[in-house]
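Colleague: This is the structure alone, sequence omitted:
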């Protein structure tokens with residue numbers, strides 16, 4: 001599966017949350033291609049920071065259909081906590097100061113909330129109490145505490161964990177073993193039509209359980225581990241077994257009839273497996289150790305266990321523990337290029353591409369990151385990184401580009417497949433792709449140009465399916481991707497090239513500086529269609 005993802009989407013695809021409720025960036029810390037994956041995470045986090053309000057939160061921005069669920073521009077815990085969690089997790093893994101400061105602003109902003117609401121704004125009214133909002137808030141404060149152990153962070157994590165307890169069944173009918181610790185998603189409805197009162201949606205509780213497990217590692221004031229274990233066991237009881245072999249292992253999105261009737265859609269067991277692994281001491285969450293160098297802190301993050309960390313006279317030492325016979329990966333941040341890297345006393349070679357070697361290290365000058373790959377034959381390795389000092393990332397220049405010509409074979413000019421598209425290549429003077437899933441779209445590189453000077457986009461496009469193209473965009477006026485922030489244009493899906501002029505200026509957010517573009521083929525269900533783009537030009 002990993003190799004298929006690499007072929008279709010590159011290392012960025014290894015950080016995708018598709019079909020997952022909990023997993024985000026863990027896979028490359030255990031499987032490899034960590035350098036490319038972490039750069040993609042960096043770009044994602046920068047986008048979140050750009051979309052953050054000056055006060056520190058993120059507002060609700062519904063499309064037309066969801067405008068009945070809440071007022072556009074309103075803030076609740078659920079519109080903020082998930083983003084805060086991702087930013088603070090990245091800050092913990094890498095020591096990135098911009099992310100840490102943005103995360104701290106978010107936590108300060110979140111102090112105004114007392115009730116967990118609004119994390120499921122895709123279908124649930126914004127102001128309903130919501131266990132997912134509690135889950136993400138626990139995660140955000142725990143990540144902040146891991147990087148900077150302030151007592152107030154732990155106190156707030158505990159508060160939001162407590163706010164999730166009313167969503168759990170704390171009793172059960174003797175003939176309904178799955179009832180105990182089954183979890184209700186919201187105290188309310190979907191689109192004001194379908195009530196969730198008393199109806200478990202266990203995946204929501206399993207997300208909460210996972211973050212509560214991380215709190216349990218830091219706080220023994222309550223039986224948090226028992227809560228997480230109970231929610232996980234309830235999820236196991238809800239899984240299909242032999243009664244429906246074709247659904248074996250899955251569990252229901254809704255557990256109706258007071259925990260007697262499983263209703264579709266049926267969900268893969270990712271949330272159950274992750275919680276079970278964590279309960280058994282095998283949490284895939286990357287571990288981080290922080291060490292002071294001469295003038296700054298370095299963060300060592302790995303899918304393995306990081307221990308015995310020290311720094312003396314330009315040499316950084318630590319141990320990595322992992323499964324015997326497997327390969328361990330790590331990133332060391334905020335350090336200069338090393339004179340040498342030794343694992344178990346043997347020097348590693350510096351490599352540009354660690355995927356081509358059994359062991360080695362690579363150094364990212366731009367970000368001051370060192371990536372390490374080493375076989376872990378006996379279950380642990382000792383690492384020495386010699387001749388290093390504290391170093392800061394270099395400022396990344398913004399590429400001010402207004403045209404993408406796709407006239408060089410193999411050069412995508414920064415465009416990447418983001419969803420439902422593969423393969424993806426440039427040949428014959430065009431960027432060529434095929435739709436493999438619902439909601440197909442591709443995303444361009446970060447750029448910056450004045451929207452007022454470029455009111456239109458010209459696109460030369462060939463397609464064998466679809467009815468329209470859509471240009472989504474981010475701008476300094478509205479820097480996050482929004483469901484209603486796009487301009488559509490009809491296309492001729494006859495397999496021939498046609499040139500289209502798209503009037504971007506008719507959208508109210510096309511102002512200030514344009515930061516990024518995205519192309520969607522509509523409608524969302526057009527699997528099998530092929531399209532080719534000869535150029536995209538802002539004019």
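Modeller: Nice, I can see it. From a predicted model like this one, the values you see are computed outputs, not experimental measurements.
Colleague: Can you get me a residue count around residue 336?
Modeller: As a burial measure, residue 336 scores 18 neighbours (other CB atoms under 10 Å). Heads up, the C-betas are built off the backbone N, CA and C, glycines and all.
Colleague: just residue 82 next, same as before
Modeller: Look at residue 82: counted by other CB under 10 Å, it has 20 neighbours.
Colleague: mind listing what it touches?
Modeller: Applying CB atoms under 8 Å, 6 or more residues apart in numbering to residue 82 gives the contacts 119, 132, 136.
Colleague: next one: residue 363
Modeller: 337, 338, 350, 369, 370, 371 are the contacts of residue 363 under CB under 8 Å, 6+ apart.
Colleague: Am I right that residue 212 is in a helix?
Modeller: Yes. Assigned with DSSP: H, G, I helix; E, B strand; the rest coil, residue 212 falls within a helix.
Colleague: what about it, how many neighbours?
Modeller: Quick note: residue 212 (other CB under 10 Å) scores 29 neighbours.
Colleague: before we move on, what about residue 50?
Modeller: Neighbours of residue 50 under the rule other CB under 10 Å: 15.
Colleague: Pop out the phi and psi values for it.
Modeller: Main-chain dihedrals, residue 50, degrees, to the nearest 10: phi -60, psi -30.
Colleague: mind checking pLDDT for the closest residue to it other than its chain neighbours?
Modeller: Nearest residue to residue 50, sequence neighbours excluded (CB to CB, 6 or more residues apart in numbering): residue 479, at 4.0 Å. Model confidence at residue 479, given as pLDDT, is 77.
Colleague: What of residue 269?
Modeller: Listed pLDDT for residue 269 reads 97.
Colleague: show me what contacts it?
Modeller: Residue 269 sits next to 235, 239, 249, 250, 251 when contact means CB under 8 Å, 6+ apart.
Colleague: what do you get if the cut-off is 10 Å, keeping everything else the same?
Modeller: Counting by CB atoms under 10 Å, 6 or more residues apart in numbering, residue 269 touches 203, 206, 235, 236, 239, 248, 249, 250, 251, 276.
Colleague: same question, residue 409
Modeller: Residue 409 neighbours (CB under 10 Å, 6+ apart): 425, 426, 427, 428, 429.
Colleague: Give me the spatial nearest neighbour of residue 401, chain neighbours excluded.
Modeller: Counting by CB to CB, 6+ apart, residue 401 lies nearest to residue 447, which is 4.9 Å off, once chain neighbours are set aside.
Colleague: ok, the closest residue to residue 504 other than its chain neighbours - contacts?
Modeller: Once flanking residues are discounted, residue 504 sits nearest to residue 510: 4.8 Å by CB to CB, 6+ apart. The neighbours of residue 510, taking CB under 10 Å, 6+ apart as the test, are 451-452, 454-457, 471, 473, 475, 477-478, 485, 487, 503-504.
Colleague: Of those residues, grab the buried ones for PyMOL.
Modeller: Filtering those down to the buried ones (16 or more other CB atoms under 10 Å) takes a single PyMOL command:
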select buried, resi 451+454+456+457+471+473+475+478+485+487+504
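Colleague: before we move on, the earlier item: mark which of the contacts of residue 363 are buried, thanks.
Modeller: Using 16+ other CB under 10 Å, the buried ones in the contacts of residue 363 are 338, 369, 370, 371.
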